[in-house]
Structures are given as C-alpha cells and as structure tokens.
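Peer 1: Just the structure for this:
(2 chains)
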There are 2 protein chains.
Amino acid sequence: MISFEPIGLIHTPWTQLAGMPIQPAGARGVRGVVEVWQPYQAGLKDLEGFSHLILIYHFHRTSGYELQVVPFLDQEVRGIFATRAPKRPNPIGLSLVRLAAALPDGRLEVEDVDMLDGAPLLDIKPYVPEFDAPTGPVRIGWLTHLAHQAENKKSDPRFSP
Amino acid sequence: MISFEPIGLIHTPWTQLAGMPIQPAGARGVRGVVEVWQPYQAGLKDLEGFSHLILIYHFHRTSGYELQVVPFLDQEVRGIFATRAPKRPNPIGLSLVRLAAALPDGRLEVEDVDMLDGAPLLDIKPYVPEFDAPTGPVRIGWLTHLAHQAENKKSDPRFSP
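Peer 2: So this is what the prediction gives:
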C-alpha cells in the first residue's frame, strides 16, 4: 500500500458525473480553481511561467473497478488501461489544464477542467513538451476514429459509484 | 489519506539515481519492461493499438520532500510544483513511454524509460493527443532555455534519500 495525502482541492462546475465532459477536449475554456493548501503553497513558486499544468488527482466519486469496460466513446468492451475511464484499480486522474492565473493565496485559476468538483489534488507538474509530447508518429488504437468526438460527448452515469 | 496498491513493477536499466536520465528525452530508445501482475492483466486488452503510454508510478527511492529545490537543469531555487523533481509532497512519477510490444504474459516492452528500476506501477493510461496535447502556444517558464538540455543532462545524487 502506498498512501498519499491530498495537497488541495480542485473546484469545477461539474458536480455530477452525468453530463460532464469526458476529457479536457470537451471542456475548452471551462474555468476551475485549484486550491493548494497553505502548507504546500511555497512549492508553487515559478509556476506562473508555465502555460499548461498536469494535474494528478483522486477520482474521489468512484468506488471499485472493472478491468474491462465499455468506454463513453465506444460500444465495445475495452481493457481499462486502454481507456481513461475513472473506475480503475488505482483511481488516479490525470488532466492537462491551461493555467490562467496563479494567485498569491495559493489558488490557481485554470481552464479546460474536466474533473468532478472537489477532487482531491495529489500533485501538480508543469507541462513541458520536451518531456510530455511524443516524438514520432502516434497510434491511438480503438480511439482512432473516436477521439475527436470527445469534444462533444458528455459523460453518463455508467461509472458512478 | 488515499491509499493505492501497486499493480506491477517497472524494470529499467537504471539502478541508481546518479547518472540516470532525468526525463524520457534523455532516455530515447532505452528499453524497459512493465510487469503487470496477473490479477490486473485483463485490463491490458486493446493496449497494443497505442504507440505511447503514460505510466504513473511511485518514486519509491525518495523519502521526505522539499517545497523548493534546485532542479538538475538549473542553478536557482524553484518551487517543487514547477519542477519534475522526485522529492515531492506526493512522490508520484509520470512518464511518457513508447510501447514496443504487449506480451501475452502481462509484460509490456517499452522504450524511453527514465525511471528507477523496480518502481511500483500505479496506473497505465493510453496517450491520446486529443486529451494530452495542448492546443495553442505553450510557455515553459524557467525551463525555456533549459528543457532541451534534458537530452544530455544526467541525474546526480541530490534527490537521493
């Protein structure tokens, strides 16, 4: 067992799973606030220079998991690790957001938020293309003709607890 | 406290922090094996269609953290959340790797591995540009003139336990 303690909370307009965007692509411009708690705020120094952040958080409104699921974008059963569905063996969420403003009180105004309101924040990493963007061609398997639909597709209750 | 149970181990040639690459950019072509344990292997279905995976793992050879550090690439003190240094409040590692082969026994042959050998695996997510790549211009703050050096820069013992 590896235990982590949240360092803050993510506030978003999404208070229930049904109807929320399934990825940042479907949440362009949607504003949220990342609240980093006081004991960790000194770690935010220099963050304002970055345009994009990777947020790592807890999918706090899921329970249990299935190893194979029918993802929101598909009609077929897929392995959970080939999907971004929240009911995973370790319900860790990962989202790229745009940093709009880093406020002096430890709040980060961000855009393109696709996570549920109140998600416990575990880590913030600066997005750096040299580290995080692939070189060479990318293949995306079963999502090949589906990923672009993420912009319009909304969540439904299938992964609710 | 949020507790996670590892789903496998990541095997790499890097057995000590000193001298290892500091990012996948410095580990191009370096092979590793992601060993997913039997109870979770059914979740790997469909993964072989993806060229790149995001691995989430535990920085298992760190202890404690500092909120401000001098990163490998710099001479100035930076906020930990504006760096990718391992001694973080929650020592969660995130690396993009190329998937070379998904073997039937639950092992994934991957390339560009930059993590320490034996890192406990927490999650695997498929890399999907529509979800994980920024739209619009990217700024990388203090790393602006430094990120490209990650290809050649090696780690040193400063973040050892």
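Peer 1: I'd like to know how many residues surround residue A:1.
Peer 2: The tally of other residues near residue A:1 (other Cβ atoms under 10 Å in any protein chain shown) stands at 7. All C-beta spots, glycine's among them, are computed from the backbone N, C-alpha and C.
Peer 1: mind checking how far it is from residue A:136?
Peer 2: 37 Å (Cβ to Cβ, to the nearest Å).
Peer 1: and what of residue A:11?
Peer 2: Counting by Cβ to Cβ, the gap from residue A:11 to residue A:136 is 38 Å.
Peer 1: Grab the nearest non-local neighbour of residue A:5.
Peer 2: Nearest residue to residue A:5 in three dimensions, chain neighbours excluded: residue B:1, at 5.8 Å (Cβ to Cβ, 6 or more residues apart in numbering or on different chains).
Peer 1: Would you mind measuring from the residue sitting furthest away from the middle of chain A to chain B?
Peer 2: Farthest-out residue of chain A from its mean C-alpha position, per Cα atoms, centre = their mean: residue A:136, at 24.7 Å. For residue A:136, the distance to chain B (Cβ to the nearest Cβ, to the nearest Å) stands at 8 Å.
Peer 1: Local confidence estimate at that residue?
Peer 2: As summarised for this prediction, residue A:136 has a pLDDT of 89.
Peer 1: ok, it - contacts?
Peer 2: Residue A:136 sits next to B:51, B:98 when contact means Cβ atoms under 8 Å, 6 or more residues apart in numbering or on different chains.
Peer 1: Swap in 10 Å and give it another go.
Peer 2: Applying Cβ atoms under 10 Å, 6 or more residues apart in numbering or on different chains to residue A:136 gives the contacts B:28, B:51, B:52, B:98.
Peer 1: Quick one, which of the residues you listed are buried?
Peer 2: Buried members of those, scored by 16 or more other Cβ atoms under 10 Å in any protein chain shown, are B:51, B:52, B:98.
Peer 1: mind checking how far the residue farthest from the centre of chain A is from residue B:12?
Peer 2: Residue A:136 is 20 Å from residue B:12, by Cβ to Cβ.
Peer 1: Also residue A:16?
Peer 2: Distance of residue A:16 to residue B:12, given as Cβ to Cβ: 41 Å.
Peer 1: for the helix or strand bottoming out on mean pLDDT in chain A, packing partners?
Peer 2: Ranked by mean pLDDT, DSSP states H and E, the helix or strand of chain A with the weakest confidence is helix A:129-132, at a mean of 93. On a contact count with 3 or more Cβ pairs under 10 Å, 6 or more residues apart in numbering or on different chains; DSSP states H and E, helix A:129-132 meets strand A:52-58, strand A:119-126, strand B:92-102.
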